[in-house]
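Asker: Predicted model and sequence below, questions to follow.
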Amino acid sequence: MAAEKYQPLAPWTQLHRSLRTRIVGWIRRFRCSAGCMKNQIVSAFPILDWLLNYKIRSCLMGDVISGCTVGILNIPQGMAYGVLSGVEPINGLYASFFPVLIYSCLCTSQHASVGTFAVTSLMTGGIVHTVGAEMIAHRNHTETPVDNGTATFDKMPLDIRLQVTIAVTLAVGLWQVLMGVFRLGYLAVFLSDHLVKGFTCAAAFHVFTSQVKLVFGIQGLEERYGPLKLVYFYIDFFSKISQTHVPTLIVSLICITILYLTRVLVNQNPRVMKIIRVPFPIELLVIIFGTLASYELDLESEWGVKTVQNVPTGLPAPVLPHYSIIPEILGRTFSLAIVASAVLISLAKIFATKHNYKIDANQELIAIGASNIFGSFFLCIPATGALARSAVQESVGGSTQMVSLVSAVIVLIVLVALGRFLQPLPKACLGAIIMVALINMLKGALEVRNLWKVSLIDASIFMVTLLATLLLDVDYGLAIGVLYSLLVFAFRMQYGRVAVLGRVRGTLDEIKPLEDPMVDEVSGIKIFRLHGPLYSGNAESFVAKIRKAMISNVRVVSSYLSPVPELEATEMDETMTSGQQPSSGNNQTEITVVTRRQDQATDAVINIVQNNSLLTKAGPRQAKPLRAIIIDCSAINFIDVVGTEKLLRLVNECNKKGIRVVFAACSDSVRDILYLSGVAAALPEENFMSSVSDAIDEL
């Protein structure tokens, strides 16, 4: 009894069924029932889930200790990154409080610590400088921005910087919420790990450079933006290094020495950490003692050391962002939103995998987006996840977002009661804190050694992103890194590897590539396996390689496809079989093709001489003519229209020559494409086999 012919579903039928299933699922989810309503509310506000099921005995002590530790870390880092963003230290503290409250209510991650982050603060500072300079130029009715884009933040009015900053925070939040609503969470993690590492490492160099002026206290050292800004900055720096303010440098060196030694000898020492368990809050102590020393020695008046000065006490009143700025910065903040989202989601996934729970990337985008939108009304800089604080939160014993609420209380105490005591704090202390905090990120440049050993292509993505970000700017570097990564992805697809297979000697069903000396070709059969998709970029080269095998006794080895196909073999084959003489020319070209042993047969050599004769020299035993070609589809994930057209032409040519084409191990999607495109119609039903070994046995 003949087997029933396979009938695949048409693409529109598949789409219709998929949409109908999704719509029915949505309708069922939104049915008006108590259980459904509860699930929807808990899904929108995950805090209702973990707070109602909170285990006080097992979690409370660890969460409180972890929350106090993270809150203490938030104080110096928030102040430092507030300055880095182009505004005041207090704005960084605001970002460590207001967004944290919203994120802890909406997030699905149990360990991500949200607040200020070096890279996003640097990118925010760049936007604030550029847009602020344009606003000043517009206010002064001039066409050229102030000081040709090299003005420092000190020369820019605070009100303009605050207007741009809160507009940037609002725009970033809007981008993130839109990505979450439209279920685009996968886009944020589309950036490969090595691309992100190269970008963050180079961005750390930019952040480090931005603190040089504070640490050395050099006056008139202008901040530069745009391509080659690091080169121009260090040229200016070394030309003015003689103007270093010695008291400021002494304060900086003392702080850097204390911070670094404590970091190496205490916080990164496993033996010490086993005893104290909680990281030593050296950053907070540097701020406290730096403030006391500045107050007692009157560093600003007597020695000229610049201090923070303006640290208002209390919480800010809500302020409406200037919506007129949003259209100007909407495009510029997209890259900032992508970076902030990618950092947070990657961080959340790391801890979710480690502690065996699931997160919703889209809900995370909505949570951090709503946090930034809410924070923009309270003078906050953009917030995202921070690896260092999250690692501390998890290592100290934090297990829920109760940690974030406790840390927010610590920051609130500083904002309400202790802010005015921080006014004498030297800015050099903040610069030192940032520099030491960046050490691990700067060490990321050494990651290229590990990548180089594993994959040259991945190492090249890392280096291209790193160098582009270093030499150009943060935005340009990210764009170039993404484009280069996509280009590499396209080339990897185009240069897919084609393995020529054979049977392992002494076995019946073990198939391996012919590079193995224990593998022999199956007599009269050529077996090909394409690793990757068959699409317009490589279809012609793949089919040309198979056509080459259609010449009797020609050796074909595993290789990578080329965008320029090999010499078409059909014309040569037709010339040989029909007895026609190839066209003569002035130059005689000799092509020597050597076959591999086929089932212990001796080698044969075919010399095709482009003249008036065709000479054939064969060994003692003539190999069997090619009777079948097997295409192993187990590694092909999809075939496009161009690929099916090339396969159909190949099948028709093989049918004319009496060569059987067999497709083995096809996935359901690949088989559907072959049937819908008409390739299967040119073949008998039995030419589709479940495996290569079954195809060999059948042939």
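Answerer: That came through fine.

Asker: Identify the residues contacting residue 444.
Answerer: Contacts for residue 444 (CB atoms under 8 Å, 6 or more residues apart in numbering) come out as 197-198, 200-201, 204. C-beta coordinates here come from the backbone N, C-alpha and C atoms, glycine included.

Asker: longest helix in the chain, by residue count?
Answerer: The single longest helix within the chain, with elements called by DSSP state H, is helix 56-84.

Asker: what separates it from the chain centre, distance-wise?
Answerer: Counting by CA atoms, centre = their mean, to the nearest Å, helix 56-84 is centred 28 Å from the centre of its parent chain.

Asker: Counting by contacts, list what the helix or strand that it is followed by packs against.
Answerer: On the C-terminal side of helix 56-84, the closest following helix or strand by DSSP states H and E is helix 89-95. When contacts are defined as 3 or more CB pairs under 8 Å, 6 or more residues apart in numbering; DSSP states H and E, helix 89-95 packs onto helix 56-84.

Asker: Go through the helix it packs on and flag the buried ones.
Answerer: By 16 or more other CB atoms under 10 Å, the buried positions in helix 56-84 come out as 59, 62-84.

Asker: do stretch 290-300 as well
Answerer: Residues of stretch 290-300 classed as buried: 290-291, 293-294, 299-300 (neighbour count, 16+ other CB under 10 Å).

Asker: do stretch 659-668 as well
Answerer: Neighbour-count burial for stretch 659-668 [16+ other CB under 10 Å]: 659-666.

Asker: How far off centre is the helix or strand where residue 285 lies?
Answerer: Assessed by DSSP H and E, residue 285 sits inside helix 282-297. With CA atoms, centre = their mean as the basis, helix 282-297 stands 40 Å off its chain's centre.

Asker: hang on, residue 500 packs against residue 514?
Answerer: Yes - counting by CB atoms under 8 Å, residue 500 does reach residue 514; the two are 5.1 Å apart.

Asker: and residue 183, what is it in contact with?
Answerer: Residues in contact with residue 183 (CB under 8 Å, 6+ apart) are residue 362.

Asker: Secondary structure element for it, which one?
Answerer: Residue 183 is part of no helix or strand when elements are defined by DSSP H and E.

Asker: and it, backbone torsions?
Answerer: Dihedral angles of residue 183 (phi, psi; degrees, to the nearest 10) stand at phi 60, psi 50.

Asker: cool, and residue 401?
Answerer: In terms of degrees, to the nearest 10, the main-chain angles of residue 401 are phi -80, psi 0.

Asker: what does residue 689 give?
Answerer: Dihedral angles (degrees, to the nearest 10) for residue 689: phi -110, psi 160.

Asker: What's opposite it in the beta bridge?
Answerer: Going by DSSP bridges, residue 689 is paired in beta bridges with residue 664.

Asker: Just give the number of residues close to it.
Answerer: The tally of other residues near residue 689 (other CB atoms under 10 Å) stands at 21.

Asker: swap in residue 27?
Answerer: 9.

Asker: who touches residue 370 in this structure?
Answerer: Residue 370 makes contact with 102-103, 106, 173, 177, according to CB under 8 Å, 6+ apart.

Asker: cool, and residue 263?
Answerer: 282, 436, 439.

Asker: ok, the first one - contacts?
Answerer: Contacts for residue 282 (CB under 8 Å, 6+ apart) come out as 258-259, 262-263, 266-267.

Asker: Would you mind giving me the confidence score for it?
Answerer: You'll see residue 282 listed with a pLDDT of 87.

Asker: how close does it sit to residue 435?
Answerer: With distances taken as CB to CB, to the nearest Å, residue 282 is found 14 Å from residue 435.

Asker: Now do the strands in the protein.
Answerer: 114-115, 384-385, 497-504, 511-513, 519-520, 525-531, 559-560, 590-594, 605-609, 615-617, 628-632, 660-664, 688-689 (DSSP state E).

Asker: Give the other helices and strands that the first one contacts.
Answerer: Here strand 114-115 touches helix 56-84, helix 98-106, going by 3+ CB pairs under 8 Å, 6+ apart.

Asker: now these as a markdown table including distance to residue 526?
Answerer: Converted to a markdown table, those look like this (distance: least, CB to CB, whole Å):
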| stretch | distance to residue 526 |
| --- | --- |
| helix 56-84 | 62 |
| helix 98-106 | 58 |
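
Asker: export the ones you listed to JSON lines and tack on mean pLDDT and distance to residue 331?
Answerer: Shown next, in JSON lines, are the helices and strands packed on strand 114-115 (pLDDT from 0 to 100; distance: least, CB to CB, whole Å):
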{"stretch": "helix 56-84", "mean pLDDT": "88", "distance to residue 331": "23"}
{"stretch": "helix 98-106", "mean pLDDT": "95", "distance to residue 331": "23"}
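
Asker: I'd like to know which of those helices lies nearest to residue 472.
Answerer: Nearest of these to residue 472, taken as CB to CB: helix 56-84 at 19.6 Å.

Asker: Could you name the helices and strands sitting against that closest one?
Answerer: helix 89-95, strand 114-115, helix 118-139, helix 282-297, helix 387-396, helix 402-413, helix 427-437.

Asker: Thank you kindly, that will do.
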